[in-house]
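**Q** the following block contains a protein sequence and its predicted model.
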Amino acid sequence: MAACPTYIIRRDATLVFRRRVPSVARNFYTKTFFCFSLRTHFLSEARRRAAVAARFTDDLIGLIEMCGADMLDERQLDRMVDDLMRFEVAATEALRETCAPRGPEAVAAAVRLHEATRETMRAALVYNDYEAVSTPLSRTLGRLGLPVERGSDDWLRAARRAARALIEVADENIHREQGIYRTDTRLSSGITCAPSQVGHGFQKAETYGLPPAPQPSSGFVQGPGSESIKAVQSDHGSARHAPPQESVAKPSAPRTQPEMKPGRGAADTRDARDTTGQAIMPSHGANTAPVGPLPVPDAPPRAEKRFSEWFDSAVDRKREENPGWDTNNLSNWRSTKKLFIEAHGDRPMSYYTKDKLLEFRALLSAMPKNHHKSSDSPELYAIIDEVEAEEARNIIIAENEISEHGLNRGDAEQRLARAKIARVRVATVYRHMHVIQFIFRNAADHGAAPTNAMKGIIWTTKQFEKLKAEEKDMRRLPWGDKLADLLSTTAFHAPVPSGAKVHDVFWPTLMAAHSGLREEEVLQLRTEDFDTIKRIPILRVQCGEGQHIKSGIRYRIVPIHENLIELGLLTHVEDCRRRGQEWLFPGIDRCAAKGRLSGTFTKTFGHYRIKEGIYDPRRDFHSLRTHFNVELKRAKCPLDIRKRLLGHKLRDVTEDHYDPEGSPIEDYKQWVDGLEIDISKVRSPYRDRIDRHSGENIVVLATQA
């Protein structure tokens, strides 16, 4: 599919405007993309509407940058709130840990202290008077290194969130004073991880009316270091040697609220917040009313498994179904995992809604073809942003050239086409989405995701075929007449000095063109794989240690073409044996991803074609195998002989079971030698010692040497 214009993507049959929200605007826009339908199916009209939308978003982003770009963003505020809560809860817990045994009166006094703190914070929220929050807030901002001027808009936003957070801290401390720890701090120390427990002990469930307005002198602050709890801290210091004395900080004004109905707790209205890494603690105490028996808290909930864990589970399942699955599929799956986590993070499966899955599909379609080709590649969003910006610049330059030179319609379209950057192909997007579908289905089998999570996300077969029909056909072509151009390049016609090594592409290219071997099959040949049958030189393609056959027949025999013998292939095999060299091409390294020789050689062959000026993306090394098959077919070679030479499965019962050996070796030799390839321009590395072995057993020769 041709690359869409900047900011335009296709979702099914609809064209959509999609632009990433820049970092400067993320403080004010919760989503990561401006995304809306252009309400048209025509690309020309979509370009016009997208241009209007682009100008509007440009103005909006510029206005934000000019008026409020320096404000604290949501991530900074969340970090501030989390740090404040962790610190305040941890400090109070530390006091409980060092406190001597205390009576019911001390526990009740400590609970009243936290209730007073809660009422003070509620009053701050109601009357927008944040004096009581200033001390812990300033301390937290200082710890985080966030310079915020007191009284500024950022300070007011942070103060209000701090007051809300301290209400949650007070509620948590009330539970902990009664021994109710709603989550195990050693496993997951979040304040709001477990459901709220109400009605325990003497914690009062109250209906909250309007709290009294704060007095100018009142400034109760929760947390260590605050003036309002110094007396309580001193009580803890002396409690190891004497019974605690009453020392309870009073709220700013007496509470007059009526009690609420049982069954409602303060935690019911708190915001959900990720508080990973929080510590937790008990509180101060003073003598007061007795306390009844405290109930045992409920067990903490189990944490929901994240996407990466379900990915590992799906991989294990694939390995059970197919023991050799890792070799050809694991690296592709890992690339899908990397892209998905870059797009939406590693979260529980319930987080990934249909909108997020649709967004991931759109991201895949917007990626450039050569994404993540190096280990230091930027993240997914940065790659797409850079490509869209580069493509926009290219199109502007192209439009200027078209206007300046007055190009005709054909030249103008060609110039605009060159300005666009190739994106990921439909088949690649489809493959990534199939991986995501399998992971979600595996999670659905365990009740962790809906069974139809990918319904409407992954394309149907009809949609897939339609999208493929709209993009440029990139099916592999045989080399055909272009093979002569390949064999006329430097590696094949340049003279080789005596004792010098031939180019890495020399023998593998010639062998693939004359025998139809796959790239890996050529590169993994050993000297022991060469032999003779009825005095006909042959090579064996087989599995073994360090050898792999993709599929089809696991073992086959291919006669060696007369051209290869004339160029000195058998002499090269003998030289390797004399040197005690087991592998035919020992200088080619295996790739790190799959441990295959072809992973490294593919790059060598590609760079060589580019350097020689004969690069064609539709004619690669595997096209030599395609060329071998096409030429045999045009020569009327029987299908069963072609299949046996190429190593394809024989799906005919008569051939597979009743004639497992196939035709005589002489027939195979005749068809292979009948393949006409011009090697007149190919210079043999053994030109000075041409030695024909077509009638000799090379194994015997090697032994005599």
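**A** Thanks, I have it.

**Q** what strand or helix carries the residue sitting nearest the centre point of the chain?
**A** For the chain, residue 338 is the residue whose C-alpha lies nearest the centre (Cα atoms, centre = their mean; 1.8 Å). According to DSSP states H and E, residue 338 maps onto helix 331-344.

**Q** what does residue 531 give?
**A** Going by DSSP H and E, residue 531 is part of strand 530-533.

**Q** what pairs with that strand, parallel or antiparallel?
**A** Strand 530-533 pairs in its sheet with strand 536-542 (antiparallel), by DSSP bridges.

**Q** list the buried residues of the next helix-or-strand element following the strand it pairs with.
**A** Downstream of strand 536-542, the next assigned helix or strand under DSSP H and E is strand 555-559. By 16 or more other Cβ atoms under 10 Å, the buried positions in strand 555-559 come out as 556, 557, 558, 559. From N, CA and C alone the C-beta is placed, and that goes for glycine too.

**Q** same question, stretch 447-460
**A** So for stretch 447-460, counting by 16+ other Cβ under 10 Å, buried means 448, 449, 453, 454, 457, 458, 459.

**Q** can I get that stretch as PDB, trimmed to CA atoms?
**A** These are the backbone C-alpha positions of stretch 447-460, laid out as PDB (Å, rounded to 0.1, in the frame of the first residue of the first chain):
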ATOM      1  CA  GLY A 447     -10.100 -15.600  32.100                       C
ATOM      2  CA  ALA A 448      -7.700 -12.600  31.900                       C
ATOM      3  CA  ALA A 449      -9.100 -11.100  28.700                       C
ATOM      4  CA  PRO A 450     -12.300 -11.100  26.700                       C
ATOM      5  CA  THR A 451     -12.500 -13.800  24.100                       C
ATOM      6  CA  ASN A 452     -13.300 -11.400  21.300                       C
ATOM      7  CA  ALA A 453     -10.700  -8.700  22.200                       C
ATOM      8  CA  MET A 454      -9.300  -8.600  18.700                       C
ATOM      9  CA  LYS A 455     -12.700  -8.700  16.900                       C
ATOM     10  CA  GLY A 456     -12.800  -5.700  14.500                       C
ATOM     11  CA  ILE A 457      -9.100  -5.100  15.200                       C
ATOM     12  CA  ILE A 458      -7.400  -7.700  13.100                       C
ATOM     13  CA  TRP A 459      -8.300  -7.600   9.400                       C
ATOM     14  CA  THR A 460     -10.500 -10.300   7.900                       C
END
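
**Q** for that stretch, give the mean pLDDT please.
**A** The average pLDDT for stretch 447-460 rounds to 88.

**Q** cool, stretch 16-25 as well?
**A** 78.

**Q** now do it: distance to the chain's middle.
**A** 20 Å (Cα atoms, centre = their mean, to the nearest Å).

**Q** check stretch 404-417 too.
**A** 39 Å.

**Q** got the buried residues for that stretch?
**A** Applying 16+ other Cβ under 10 Å to stretch 404-417 flags 407, 412, 415, 416 as buried.

**Q** including pLDDT and distance to residue 15, could those residues go into JSON lines?
**A** Shown next, in JSON lines, are the buried residues of stretch 404-417 (pLDDT from 0 to 100; distance: Cβ to Cβ, whole Å):
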{"residue": "407", "pLDDT": "89", "distance to residue 15": "26"}
{"residue": "412", "pLDDT": "91", "distance to residue 15": "22"}
{"residue": "415", "pLDDT": "90", "distance to residue 15": "23"}
{"residue": "416", "pLDDT": "90", "distance to residue 15": "18"}
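
**Q** who's in contact with residue 160?
**A** Residues counted as contacts of residue 160 (Cβ atoms under 8 Å, 6 or more residues apart in numbering) are 125, 128, 130.

**Q** what's the first-to-last distance across stretch 119-135?
**A** 17 Å (Cα to Cα, to the nearest Å).

**Q** typed the wrong thing, it's stretch 575-594
**A** So stretch 575-594: terminal residues 30 Å apart, Cα to Cα.

**Q** now, the buried residues of stretch 404-417 that are in helices?
**A** Of those, the ones assigned to helices by DSSP state H are 412, 415, 416.

**Q** will you turn the residues you listed into a markdown table that also has distance to residue 668?
**A** Converted to a markdown table, these look like this (distance: Cβ to Cβ, whole Å):
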| residue | distance to residue 668 |
| --- | --- |
| 412 | 55 |
| 415 | 52 |
| 416 | 52 |
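
**Q** going by distance to residue 394, which of those wins?
**A** residue 416 (9.0 Å; Cβ to Cβ).

**Q** so the closest one touches residue 400, yeah?
**A** No. Residue 416 lies out of contact with residue 400 (Cβ atoms under 8 Å); the separation is 11.7 Å.

**Q** which SSE is residue 137 in?
**A** helix 134-144.

**Q** quick one: buried residues of that helix?
**A** So for helix 134-144, counting by 16+ other Cβ under 10 Å, buried means 134, 135, 136, 137, 138, 139, 140, 141.

**Q** repeat that for stretch 171-181.
**A** Result for stretch 171-181 [16+ other Cβ under 10 Å]: buried residues 171, 172, 173, 174, 175, 176, 177, 178, 180, 181.

**Q** the nearest residue to residue 332 once chain neighbours are set aside in helix, strand or coil?
**A** Leaving aside its sequence neighbours, residue 332 sits nearest to residue 431 (Cβ to Cβ, 6 or more residues apart in numbering; 6.8 Å). Classification of residue 431 by DSSP: H, G, I helix; E, B strand; the rest coil places it in helix.
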